[in-house]
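1. coordinates only, sequence not included:
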């Protein structure tokens, strides 16, 4: 039976037998094996986290999910060498604008506009995608071709319980779960008020993916 919202939870870490795996990082379940193969941690989702704490603004959970996702996106951007050059005060669909500077870019800089969506909804039945709904105006903006502006939608899959959003170990700060991206360029028009957009789970949004996108944009291509 699934634990209730009020039930205390914790992530349990179990040391594993050293393995000889060279420099490869091997993921097992929710944990990881160290690059030198000397240590592993298995992260479980059991309802045994240390005593519950008082979390604020329970009625603003959706806003807090959005703030959590923005922190994730900003961390990825920093690791990719991007600068946040825009955070529109009026919400018209673009949540954050990134700039990436390199002498390998055709014009010296590459820019990317991002619409962020955070959801606690489960992945698709086959685990291949994550979905979120966006309004038609935003959908039309992100699907419309504009050679001067590159655009993507980033969907973050966040645990249902705030207790599980963030976890600190001796070696890492974990932000859960992860984000995925999708380009809506070329998507068909719609007459509905909102559209369900799916991001493939193969499109993980991390610093490597962002660098690759910016390299393409810098050459005049699309993400």
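-> On my side now, so go ahead. Keep in mind that what you see is a predicted model, and the values were worked out from it rather than measured. Numbering: from 1, shown residues only.
2. what does stretch 210-221 contact?
-> Outside stretch 210-221, the residues within contact range by CB atoms under 8 Å, 6 or more residues apart in numbering are 76-77, 80-82, 98, 100, 102, 104-107, 109-112, 147, 150, 152, 181, 222-223. For the C-beta atoms, the positions are set from N, CA and C on the backbone; glycine is no exception.
3. among those residues, which ones are in strands?
-> 82, 98, 100, 109-112, 152, 181 (DSSP state E).
4. return the closest of those residues with respect to residue 159.
-> Nearest to residue 159 among the ones in strands among the contacts of stretch 210-221: residue 181, at 19.7 Å, using CB to CB.
5. and that closest one, how many neighbours?
-> 20 (other CB atoms under 10 Å).
6. before we move on, back to that, can I get the buried part of the contacts of stretch 210-221 as one ChimeraX selection?
-> To isolate the buried members of these in ChimeraX, using 16 or more other CB atoms under 10 Å:
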select :76,77,80,82,98,100,105,110,111,112,150,152,181,223
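7. give the other helices and strands that the longest helix along the chain contacts.
-> Counting by DSSP state H, the longest helix found in the chain is helix 61-79. Helices and strands touching helix 61-79, by 3 or more CB pairs under 8 Å, 6 or more residues apart in numbering; DSSP states H and E, are strand 82-86, strand 96-101, strand 109-119, strand 151-157, strand 173-175, strand 178-182, helix 207-218.
8. name whatever forms a beta bridge with residue 200.
-> residue 129 (DSSP bridges).
9. now the ones in strands among the contacts of stretch 210-221 in JSON lines, with pLDDT and distance to residue 195?
-> Output for the ones in strands among the contacts of stretch 210-221, formatted as JSON lines (pLDDT from 0 to 100; distance: CB to CB, whole Å):
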{"residue": "82", "pLDDT": "98", "distance to residue 195": "27"}
{"residue": "98", "pLDDT": "98", "distance to residue 195": "24"}
{"residue": "100", "pLDDT": "98", "distance to residue 195": "28"}
{"residue": "109", "pLDDT": "96", "distance to residue 195": "31"}
{"residue": "110", "pLDDT": "97", "distance to residue 195": "27"}
{"residue": "111", "pLDDT": "97", "distance to residue 195": "25"}
{"residue": "112", "pLDDT": "98", "distance to residue 195": "21"}
{"residue": "152", "pLDDT": "98", "distance to residue 195": "15"}
{"residue": "181", "pLDDT": "98", "distance to residue 195": "17"}
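10. and the pLDDT at residue 71?
-> On pLDDT, residue 71 comes in at 97.
11. was I right about it contacting residue 175?
-> Yes - at 7.3 Å, residue 71 counts as touching residue 175 under the criterion of CB atoms under 8 Å.
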